[in-house]
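Q: No letters, just coordinates:
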């Protein structure tokens, strides 16, 4: 999946001379947490977050009348300018790694120096739910398999034999033994007992579910 499939394109933007107060009102009105800042050629020059705005707002513990002028300062006073950006054709998993590495909550998406979208942590979480099929009724099976070619094909035969629809397959390394990996398979059935028993009878170790009463 690429970024342009999940990015937000209906954007609220400001220019650097508009005020902190305007940013605050827009965030409240549109229920957004980030506003890109553009120059007069619609090029991205900054980004302001709800946290930036909150940090700039006067405290209730001080004389607001004396500090209210802060709200009328231009947004360029608080915007972030050292930005990390992405491209619409970047892969979502690569963007996820950027979010994780840099601990950011929003990434502007730029093409030919023009802002074309935004992607947020909420967008990434929504994509993860869709990719894993977690929003659909079903069951999850985790099975330990040898780290070798062709093993997914062999495991999938058991699901095909039971006419079970696979919603998603994830793969991660077995941290305790590099000779193995773990398949996380989400299947569109509420009772996967027969598939689990088939896998175990074939010699595979089912890590989840492994409930009392199931065949070893």
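A: Perfect, thanks for sending it. Please read all numbers here as calculations on a predicted model, not as lab measurements.
Q: okay, now residue 71: neighbour count?
A: Residue 71: 18 surrounding residues under other CB atoms under 10 Å. Bear in mind the C-beta positions are built from the backbone N, C-alpha and C, glycine included.
Q: What distance do you get for it to residue 125?
A: 33 Å (CB to CB, to the nearest Å).
Q: same check, this time on residue 105
A: As for residue 105, its distance to residue 125 is 12 Å (criterion: CB to CB).
Q: mind listing what the nearest residue to residue 111 once chain neighbours are set aside touches?
A: Excluding the flanking residues, the one nearest residue 111 by CB to CB, 6 or more residues apart in numbering is residue 88, at 5.6 Å. Residue 88 sits next to 2-4, 7, 109, 111, 116-117 when contact means CB atoms under 8 Å, 6 or more residues apart in numbering.
Q: from these, which would you call buried?
A: With burial judged by 16 or more other CB atoms under 10 Å, the buried subset of the contacts of residue 88 is 3-4, 7, 109, 116-117.
Q: Most widely separated two among those?
A: 3 and 116 (9.7 Å; CB to CB).
Q: Overlap in contacts, the two.
A: Here residue 3 and residue 116 have 88, 109 as joint contacts, going by CB under 8 Å, 6+ apart.
Q: from the contacts of residue 88, which is closest to residue 141?
A: Of all the contacts of residue 88, residue 2 has the smallest distance to residue 141: 28.8 Å, by CB to CB.
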